[in-house]
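Participant: just the structure for this:
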Amino acid sequence: MELFDNPAIRIFAGPLLSALGLGLVLRLAGGAGSGRRIAGAGIGLAFAWSAAMVFGAPAIPPVPGPDALVSAAAAGLIVGVVFDVYGTGENAGGGRLAGWPGWLEWGLILAFGAGCAAWLLDGFGAEVPVVMALWGLTVYRLRRVFGRDVDVLAGDALAPLAMLMMAAAGLGLIAAAANLESSRDLALALAAAIAGFAMLSLFDRSLRFGLTPVLGAGGGILMISVRMTDAAPFLISAVAILGFILFADSLFRQPALARIGAFRWGRFGLIALGGTVPIALAAAAALIGAGFGGY
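Facilitator: Predicted coordinates for the structure are as follows:
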């Protein structure tokens with residue numbers, strides 16, 4: 001375990017290589033069927049491992065509270081994998097409600113948002129419906145823009161992964177500005193895990209952006225955001241600013257950048273570049289909030 005005392009291993013290399021390796025194993029084991037839908041479980045597994053390194057193994061039975069990320073991440077992982085194997089989650093892509101699988105998937109997405117908020121906040125307060133609504137809008141934006149029938153992005157998981165990676169990195173930066181060390185480490189580890197799966201997606205376009213990566217990557221961002229804003233409410237505005245990363249796709253839709261945007265790696269890079277602006281603004285907001293006595 002001394003190896004993981006090194007922050008470079010524990011926060012960056014470990015999650016990145018874990019998500020990449022586990023994603024590849026799941027992709028090969030599941031083949032052309034479920035493999036391409038559940039390979040994203042590597043993100044959730046890497047994130048749960050990172051949370052366990054910070055908070056330790058969850059209690060049995062699990063108990064709610066701000067440090068209950070391991071049990072929440074495990075629940076999201078199980079729900080995502082089961083649905084993507086048996087629920088034909090691809091039919092709900094692009095924000096559509098295609099029959100019972102689509103309704104079930106969106107029901108699970110919203111229930112996960114409400115459940116995570118209530119679990120981490122240790123109660124069903126007024127914040128829970130707000131968190132659930134914002135979570136639903138975030139997933140809808142990702143699914144709507146990168147659905148199966150939307151121009152060159154049809155079914156491509158790489159672009160939303162770029163947005164989620166930058167959002168996680170942004171959370172890490174504003175957590176550092178607010179001196180929230182555990183949230184900082186978790187957010188950066190999640191960004192590294194998403195980057196690992198994105199590397200796999202770069203070479204395998206068949207990988208899907210189903211419920212498994214949504215609850216693994218997006219759910220991790222949701223959990224860290226809830227935990228951070230509960231510990232430091234002045235970070236709410238900074239976290240809200242990170243939401244503009246969801247519109248970073250406007251960069252590669254510009255005629256001047258169309259040549260770069262024609263390539264998958266180009267779109268990934270442009271989204272990452274565009275995401276740096278909201279991240280910088282969010283970090284500034286966090287520093288201002290901390291400077292005005294946020295605690």
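
Participant: how about the helices in this structure?
Facilitator: Residue ranges of the helices in the chain, as given by DSSP state H, are 7, 14-30, 36-38, 41-55, 69-86, 99-121, 127-145, 158-177, 181-203, 211-213, 219-231, 236-242, 258-261, 264-291.

Participant: and those: which comes nearest Ala248?
Facilitator: Comparison of the helices of the chain against Ala248 by Cβ to Cβ identifies helix 264-291 as nearest, at 3.4 Å. Heads up, the C-betas are built off the backbone N, CA and C, glycines and all.

Participant: any idea how far that closest one is from the chain center?
Facilitator: 15 Å (Cα atoms, centre = their mean, to the nearest Å).

Participant: so where's the stretch 151-295 of the chain shaky on pLDDT?
Facilitator: By pLDDT under 70, the weakly predicted segments of the stretch 151-295 of the chain are 151-155, 293-295.

Participant: let's go with 80 and repeat that
Facilitator: Along the stretch 151-295 of the chain, the parts satisfying pLDDT under 80 run over 151-156, 252-253, 255-256, 258, 261-262, 291-295.

Participant: list the residues that contact Gly219.
Facilitator: With contact taken as Cβ atoms under 8 Å, 6 or more residues apart in numbering, Gly219 is in contact with Gly44, Ala72, Ala73, Gly76, Phe112, Cys116.

Participant: sorry, back to before: could you export the helices of the chain as JSON lines, including distance to Val63?
Facilitator: Output for these, formatted as JSON lines (distance: least, Cβ to Cβ, whole Å):
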{"stretch": "helix 7", "distance to Val63": "28"}
{"stretch": "helix 14-30", "distance to Val63": "25"}
{"stretch": "helix 36-38", "distance to Val63": "29"}
{"stretch": "helix 41-55", "distance to Val63": "12"}
{"stretch": "helix 69-86", "distance to Val63": "8"}
{"stretch": "helix 99-121", "distance to Val63": "9"}
{"stretch": "helix 127-145", "distance to Val63": "18"}
{"stretch": "helix 158-177", "distance to Val63": "24"}
{"stretch": "helix 181-203", "distance to Val63": "17"}
{"stretch": "helix 211-213", "distance to Val63": "26"}
{"stretch": "helix 219-231", "distance to Val63": "15"}
{"stretch": "helix 236-242", "distance to Val63": "25"}
{"stretch": "helix 258-261", "distance to Val63": "47"}
{"stretch": "helix 264-291", "distance to Val63": "30"}
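
Participant: would you point to the one among these that's packed deepest?
Facilitator: Mean neighbours per residue, mean count of other Cβ atoms under 10 Å, is largest over these for helix 211-213, with a mean of 30.

Participant: helices or strands up against that helix?
Facilitator: helix 41-55, helix 69-86, helix 99-121 (3 or more Cβ pairs under 8 Å, 6 or more residues apart in numbering; DSSP states H and E).

Participant: and Leu281, which of these is closest to it?
Facilitator: Comparison of those against Leu281 by Cβ to Cβ identifies helix 99-121 as nearest, at 24.8 Å.

Participant: got the contact list for Ala162?
Facilitator: Remark: with contacts taken as Cβ under 8 Å, 6+ apart, Ala162 is in contact with Ala198, Ala248, Arg267, Phe268, Ile271, Ala272, Gly275.

Participant: out of the residues you listed, which is nearest to Glu105?
Facilitator: Relative to Glu105, the closest of the contacts of Ala162 is Ala198; by Cβ to Cβ it sits at 22.4 Å.

Participant: now that closest one: closest residue in space, sequence neighbours ignored.
Facilitator: On the basis of Cβ to Cβ, 6 or more residues apart in numbering, the spatially nearest residue to Ala198 that is not a chain neighbour turns out to be Leu161, at 4.4 Å.

Participant: so how far is Ala133 from that neighbour?
Facilitator: Applying Cβ to Cβ, to the nearest Å, the value for Leu161 to Ala133 is 24 Å.

Participant: got it, and Gly14?
Facilitator: Distance from Gly14 to Ala133, by Cβ to Cβ: 34 Å.

Participant: now Gly76
Facilitator: Distance, Gly76 to Ala133, using Cβ to Cβ: 18 Å.

Participant: can you check Asp185 too?
Facilitator: When Cβ to Cβ is applied, the distance between Asp185 and Ala133 equals 29 Å.

Participant: what does Trp106 give?
Facilitator: To Ala133, Trp106 is 13 Å away according to Cβ to Cβ.

Participant: same question for Gly21.
Facilitator: The span separating Gly21 from Ala133 equals 36 Å under the rule Cβ to Cβ.

Participant: out of the helices and strands packed on helix 211-213, nearest to Gly220?
Facilitator: Within these, the stretch nearest Gly220 is helix 41-55; the backing value is 4.6 Å (Cβ to Cβ).

Participant: much appreciated, bye for now.
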